[in-house]
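Any chance you could fold what I've pasted below:
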Amino acid sequence: MSLWSKIKNKGTDFKDPSSAIIKNLPPSEIVESCSIAEIGSKQPKRVFVNVVLSKSWIAKTIQNMLLDGIETWAPKLSVKKAVLDFSSPNIAKEMHVGHLRSTIIGDALARLLEFSNFGMLIEFLFENYPNLEDVSETAIGDLQAFYKASKQKFDDDADFKVKAQQAVVKLQGGEYEYRQAWSKICDISRREFDKVYQRLGVNLEEKGESFYNPYIPRVIKELSELGLVEESDGARVIFIKGVKIPLIVVKSDGGFNYASTDLAALWYRLNEEKAEWVIYVTDVGQQQHFDMLFKAAKRAGWLAADDSKYPKTSHVGFGLVLGQDGKRFRTRSSEVVRLVDLLDEAKSRSKTALIERGKAKEWSEEELEKTAEAVGYGAVKYADLKNNRLTNYTFDFDQMLSDKSGVIVLDHAGERELGLHLLQFSEAVEEAVTNLLPNVVCEYLYNLSEIFTKKFYTNCQF
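Take a look at the predicted model:
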């Protein structure tokens, strides 16, 4: 009631604050009319001031949006540079449904922010291809089969297991031969990943874990000099207050791990890339790891103590993709679903649906293919993004590609309601970016399509 406190001593006798507010509202092109609404039968009644926005102002503002471009409606964030860590496929392993959420959510957040301002494998490679020049995409063949074969030998052969562990240390130490072998595997893997990213329309800058290896020793040294690193059971660790297990930064065999790489990556992003906001998009199961990482970084003085200030970090956790049985989404043979197979299935089902609707008679084969891809891949992305990222969701092709799945098929009218909803675009983007929740934009777009369909399209055709 701060507005009432400003006008109550103006000398005018008003029966209630609502009347006073209406009487004292200054003239504005935005406001068409004001009225008082009383709700409830009991005393005191709840009183509201209803403000009706001017039709001419709504029309003028939307016209400016069309003339000046949607970019002028982007919310202005105080952060100048943000870095998102997402997708994170594994070298020599095909991308599967487990990568779906990180890839899609991470890409969506990157677009929103932009709009707003391995040892076992190497040893196996050496044993099968002593001459690295003989290694090719054809030689390694199916990535998944190559990985499974090396993992099987790692589990069954004790000598091979020791050699593989030693290979990790040599790789992290920068030995030329091991770096070359790793590079071969990475190149072949990268080509497979890029095929999936291209189909999903995802653009990212690749910096794998190995990129940060040269920075690990200096970061460990810096943290040690600050008194954060301690010896424990032969390993070097950082103890975090309130957490029973420590953050291991150097293993007992002298090798590095995820924590050492993540610390080096965070240091690089803050100091070399000058990022003010570093965002990690992973499943909720990694929440504790990132909490410990962020607390260690705060102790080192890398991050602001207050999470509302920059530089800062955020963990964007997400739930699981479930099958119809309520368990992790897998194939009938209990294998993890390959992402490329999932996209193939989405396109195939989409194409079948288009043919059933008679589109094959109206369109060329090229038009049918492109539309099937757009609808199929889009349905996969929307099915993920429309959910609150923190919850698990059930993957259902039939629901995803149906007309009533939340993927709108346009149909009926209301200029005013449509205009008002369009004006809320900036608010939706700002909320999504501030809280790192892309489903807010999906909900906004779904409601926009509903209004266009049911309140505008049929009644306002020209």
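
low pLDDT regions in the stretch 151-300 of the chain?
For the stretch 151-300 of the chain, applying pLDDT under 70 flags the ranges 172.

What score does the residue nearest to residue 39 when sequence neighbours are not counted have for pLDDT?
Excluding the flanking residues, the one nearest residue 39 by CB to CB, 6 or more residues apart in numbering is residue 46, at 4.5 Å. All C-beta atoms are positioned from the backbone trio N, CA, C, and that covers glycine. Looking at residue 46, its pLDDT stands at 72.

same thing with residue 4?
Looking at residue 4, its pLDDT reads 52.

Next: residue 16.
Reading off the confidence values, residue 16 has pLDDT 62.

Would you agree residue 443 is in contact with residue 386?
Yes: the pair residue 443 / residue 386 is scored as a contact, 7.2 Å apart, by CB atoms under 8 Å.

list the helices and strands the helix or strand harbouring residue 379 packs on?
Element membership for residue 379 (DSSP states H and E) is helix 365-385. Using 3 or more CB pairs under 8 Å, 6 or more residues apart in numbering; DSSP states H and E, the elements in contact with helix 365-385 are helix 100-115, helix 176-200, helix 339-356, helix 359-362, helix 397-400, helix 439-454.

same thing but at 6 Å, please
Where contact means 3 or more CB pairs under 6 Å, 6 or more residues apart in numbering; DSSP states H and E, helix 365-385 is packed against helix 100-115, helix 339-356.

lowest-confidence stretch among these?
helix 100-115 (a mean of 86).

Of the helices and strands packed on helix 365-385, flag the one that's most buried.
Most buried of the helices and strands packed on helix 365-385, by mean neighbour count (mean count of other CB atoms under 10 Å): helix 100-115, with a mean of 21.

outside of that one, which residues touch it?
Applying CB atoms under 6 Å, 6 or more residues apart in numbering, the external contacts of helix 100-115 come out as 74, 82, 84, 86-87, 202, 281, 318, 381, 384-385, 389, 432-433, 438.

hang on, the earlier thing: counting neighbours, what do you get for the residue nearest to residue 39?
Neighbours of residue 46 under the rule other CB atoms under 10 Å: 9.

switch to numbering from 172
Let's use 172 as the start, then, which means that last one is residue 217.

Can you give me the distance of it to residue 194?
20 Å (CB to CB, to the nearest Å).

And the nearest residue to residue 568 once chain neighbours are set aside, how far from residue 551?
Among residues not flanking residue 568 along the chain, residue 520 sits closest, at 5.7 Å (CB to CB, 6+ apart). As judged by CB to CB, residue 520 and residue 551 stand 11 Å apart.

quick one: common contacting residues for the two?
Shared contacts of residue 520 and residue 551 (CB under 6 Å, 6+ apart): none.

quick one, helices of the stretch 372-521 of the chain?
Per DSSP state H, counting those that start in this stretch, the stretch 372-521 of the chain carries helices over the ranges 387-396, 429-442, 458-470, 510-527.

Quick one: closest of those to residue 227.
Comparing the helices of the stretch 372-521 of the chain against residue 227 with CB to CB, the closest turns out to be helix 510-527 (42.5 Å).

Near residue 490, how many other residues are there?
As a burial measure, residue 490 scores 16 neighbours (other CB under 10 Å).

ok, it touching residue 563?
Yes: assessed by CB atoms under 6 Å, residue 490 is found in contact with residue 563 at 3.9 Å.

between the contacts of helix 271-286, which is closest to residue 332?
Checking the contacts of helix 271-286 against residue 332 by CB to CB gives residue 258 as the nearest, at 29.3 Å.

Would you list the phi and psi of the closest one?
Here is the backbone geometry of residue 258 (degrees, to the nearest 10): phi 70, psi -70.

Please point out which parts of the host helix or strand of residue 341 sit buried.
Residue 341 is part of helix 329-343, with elements assigned from DSSP H and E. Residues of helix 329-343 classed as buried by neighbour count (16 or more other CB atoms under 10 Å): 331, 332, 334, 335, 336, 338, 339, 340, 341, 342, 343.

cool, stretch 455-475 as well?
Burial within stretch 455-475, assessed by neighbour count using 16+ other CB under 10 Å, is assigned to 455, 460-461, 463-468, 470-471, 473-474.

Low-confidence bits of the stretch 472-621 of the chain, can you list those?
Within the stretch 472-621 of the chain, the ranges that satisfy pLDDT under 70 run 501-506, 571-585.

ok, back up a step: what about the residue nearest to residue 210, distance to residue 193?
Shown here: residue 217 relative to residue 193, a distance of 17 Å by CB to CB.

Residue 500 now?
56 Å.

the more surrounded of those two?
Using other CB under 10 Å as the criterion, residue 500 and residue 193 rank with residue 500 on top: 20 against 16.

got the contact list for the more buried one?
Residues near residue 500 by CB under 6 Å, 6+ apart: 268, 492, 493, 494, 508, 566.

so what sits against both of residue 614 and residue 557?
Common neighbours of residue 614 and residue 557, counting by CB under 6 Å, 6+ apart, are absent.

Number of residues surrounding residue 561?
For residue 561, the neighbour count with other CB under 10 Å is 12.

gap between residue 472 and residue 400?
Taking CB to CB, one finds residue 472 at 15 Å from residue 400.

on that earlier part again, now a PyMOL select for only the buried ones of the contacts of helix 271-286.
In PyMOL syntax, the buried subset of these is picked out as below (16+ other CB under 10 Å):
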select buried, resi 245+253+255+257+258+373+452+489+552+555+556+560+603+604+609
